[in-house]
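Chemist: Here's a sequence, model it:
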Amino acid sequence: MPRIRITPKNLYAELSTAAEKLNAGRATLQAAKDATLGSCARQEVFRIDNVVLYRYQARTVVDNPVPVLIVYALVNRPDMADLQHDRSLIRSLLDRGLDIYLIDWGYPDGADRRLSLEDYICRYVDASVDFIRAAAKQTKINLLGICQGGTFSVCYSALRPEKVRNLITTVTPIDFHTRDDMLSHLFRHVDVDLLVDSSGNISGDMLNAIFLSLKPFRLAQQKYVHMLDTLDDVETTRMFMRMEKWIFDSPALAGEAFREFARDFYQNNGLIKGNIRIGDRRVALESLRMPVLNIYASNDHLVPPAASLALGEYVGSDDYQALEFPGGHIGLYVSLTAHELLPSAIHEWLGQR
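Modeler: Numbering: from 1, shown residues only. A predicted model of the protein is given here:
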């Protein structure tokens with residue numbers, strides 16, 4: 001094992017560099033405190049309860065007449081899909097001539113505690129899809145689901161296949177009992193009924209703390225150590241601040257919807273067993289006969305590749321493709337590598353269909 005040689009000269013140089021960065025950090029943090037999320041103009045086009053449907057302003061000639069609806073997870077905010085101008089999935093899709101809509105779930109309050117998965121999938125998603133179909137004069141639209149929003153998109157597409165032309169899932173859990181799924185192992189030991197009955201809506205801050213606890217050194221310590229190395233770089237610090245704002249902007253989850261998702265999906269693994277019922281209808285994955293593009297991240301610790309790849313074993317479509325991209329659960333959307341690869345893959349796949 002190599003010996004680490006520390007001399008007074010080396011130590012002084014390290015401390016001097018650190019002091020310079022900390023000193024520069026005061027001005028850098030002051031300049032970066034106004035960092036805002038989002039780089040694309042958008043307009044509210046439809047609203048139902050606390051849920052808002054946005055349409056993004058075109059940035060070039062729209063070359064695909066079939067709109068894309070992005071369905072995000074209930075946890076955190078969808079701003080991650082449009083973090084900043086050079087790391088924005090939405091901006092890149094707009095630049096490739098796609099017509100982009102997004103559902104914003106808002107911030108559930110006490111009156112929303114009894115909202116169920118049927119409300120989210122069969123009311124909110126369905127109403128948004130119908131609005132877009134009418135506005136675009138299309139019988140079917142494209143769905144792009146992110147994480148839990150991908151699971152919602154799968155369920156919706158299985159229940160309403162006549163309204164979905166193409167289905168794209170990204171870092172989407174399908175098999176919730178894979179061996180390396182740390183989140184699933186944790187949820188299987190939670191008394192979900194007691195939690196919901198005693199709490200009502202589920203605190204987003206609590207869930208965020210659970211997600212961070214899965215990799216505490218990397219997600220809660222290492223990143224702040226690395227931040228010290230970039231305190232003299234305003235743009236890098238601005239991006240760090242944007243990520244922090246996004247991570248800790250954690251809406252509560254409607255209690256009943258959380259109960260159903262945690263119990264039926266995470267604990268009982270009902271999606272691949274064919275036991276999931278949304279309202280009075282069973283979600284049958286074999287009903288997914290439209291083209292399906294399943295995108296996953298190679299180093300995803302929240303939705304391991306195996307959890308996503310299971311979709312290919314159950315869909316009824318003969319046009320199914322799985323694509324692996326480097327990075328983790330969030331890096332798929334905000335890393336420079338993914339920014340160069342992911343939008344092009346989505347645009348090309350849709351263009352062929």
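Chemist: Return the residues in contact with residue 100.
Modeler: Residue 100 makes contacts with 55-56, 67-68, 70, 90, 93-94, as judged by CB atoms under 8 Å, 6 or more residues apart in numbering. Every C-beta, even on glycine, is put in place using the N, C-alpha and C of the backbone.
Chemist: Same check on residue 143?
Modeler: If you count contacts by CB under 8 Å, 6+ apart, then residue 143 has 68-69, 71, 129, 153, 156-157, 164, 166-168 around it.
Chemist: Could you pick out which of those are located in strands?
Modeler: Mapping the contacts of residue 143 onto strands (DSSP state E) picks out 68-69, 71, 164, 166-168.
Chemist: Apart from its chain neighbours, what residue comes closest to residue 335?
Modeler: residue 327 (5.1 Å; CB to CB, 6 or more residues apart in numbering).
Chemist: Let me know whether that neighbour touches residue 301 as I believe.
Modeler: No - assessed by CB atoms under 8 Å, residue 327 is found out of contact with residue 301, at 11.2 Å.
Chemist: picking that back up, any idea which of the contacts of residue 143 is the one closest to residue 198?
Modeler: residue 71 (29.7 Å; CB to CB).
Chemist: do you know how far the residue nearest to residue 335 is from residue 341?
Modeler: From residue 327 across to residue 341, the span is 10 Å (CB to CB, to the nearest Å).
Chemist: These two - which one has more neighbours?
Modeler: residue 327 (19 against 16; other CB atoms under 10 Å).
Chemist: just to revisit the earlier point, quick one: buried ones out of the contacts of residue 100?
Modeler: Listed as buried from those are 55-56, 67-68, 70, 90, 93-94; burial here means 16 or more other CB atoms under 10 Å.
Chemist: Quick one: classify the residue nearest to residue 335 as helix, strand or coil.
Modeler: coil (DSSP: H, G, I helix; E, B strand; the rest coil).
Chemist: Now residue 179. Nearest residue, chain neighbours left out?
Modeler: Spatial nearest neighbour of residue 179, excluding adjacent residues (CB to CB, 6+ apart): residue 306 at 7.7 Å.
Chemist: What strand or helix carries that neighbour?
Modeler: helix 305-309 (DSSP states H and E).
Chemist: now what about that helix, what contacts it?
Modeler: 169, 171-176, 178-181, 184, 294, 296-298, 300, 322, 324.
Chemist: mind checking how far that helix is from the chain centre?
Modeler: Distance, stretch centre to chain centre, for helix 305-309: 15 Å (CA atoms, centre = their mean, to the nearest Å).
Chemist: Please save the CA atoms from the helix or strand following it in PDB.
Modeler: Heading C-terminal from helix 305-309, the first helix or strand you meet, by DSSP H and E, is helix 311-314. The C-alpha trace of helix 311-314 is given here as PDB (Å, rounded to 0.1, in the frame of the first residue of the first chain):
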ATOM      1  CA  LEU A 311     -41.200  -4.400 -18.800                       C
ATOM      2  CA  GLY A 312     -39.900  -6.300 -21.900                       C
ATOM      3  CA  GLU A 313     -41.000  -9.600 -20.400                       C
ATOM      4  CA  TYR A 314     -44.600  -8.600 -20.100                       C
END
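Chemist: where does the stretch 101-250 of the chain dip in pLDDT?
Modeler: Along the stretch 101-250 of the chain, the parts satisfying pLDDT under 70 run over 214-232.
Chemist: List phi and psi for residue 104.
Modeler: phi -110, psi 110 (degrees, to the nearest 10).
Chemist: Tell me what the residue nearest the centre of the chain is bridged to.
Modeler: Among the residues of the chain, the one closest to the centroid is residue 146, at 4.2 Å (CA atoms, centre = their mean). On the basis of DSSP bridges, residue 146 is bridged to residue 170.
Chemist: Run the chain-centre distance for stretch 83-100.
Modeler: With CA atoms, centre = their mean, you get 15 Å for stretch 83-100.
Chemist: List the buried residues for it?
Modeler: For stretch 83-100, by 16+ other CB under 10 Å, it's 83-84, 87-94, 96, 98-100.
Chemist: ok, now stretch 143-150?
Modeler: 143-150.
Chemist: burial of residue 193, as a residue count?
Modeler: With other CB under 10 Å as criterion, residue 193 counts 11.
Chemist: Quick check: it vs residue 267, distance?
Modeler: Counting by CB to CB - residue 193 and residue 267 are separated by 11 Å.
Chemist: cool, and residue 305?
Modeler: Going from residue 305 to residue 267 by CB to CB gives 22 Å.
Chemist: Correct me if wrong: residue 311 contacts residue 174.
Modeler: Yes - contact between residue 311 and residue 174 holds when scored by CB under 8 Å: they sit 4.5 Å apart.
Chemist: Please identify every residue contacting each of those two.
Modeler: Common contact partners of residue 311 and residue 174 (CB under 8 Å, 6+ apart): 154, 285.
Chemist: Residue 284 versus the nearest residue to residue 116 once chain neighbours are set aside, what's the distance?
Modeler: Nearest in space to residue 116, with sequence neighbours left out and distances taken as CB to CB, 6+ apart, is residue 256 at 4.9 Å. Counting by CB to CB, the gap from residue 256 to residue 284 is 23 Å.
Chemist: Run through the helices of the stretch 251-353 of the chain in chain order.
Modeler: With helices called from DSSP state H, counting those that start in this stretch, the stretch 251-353 of the chain shows them at 255-260, 270-273, 305-309, 311-314, 331-334, 336-351.
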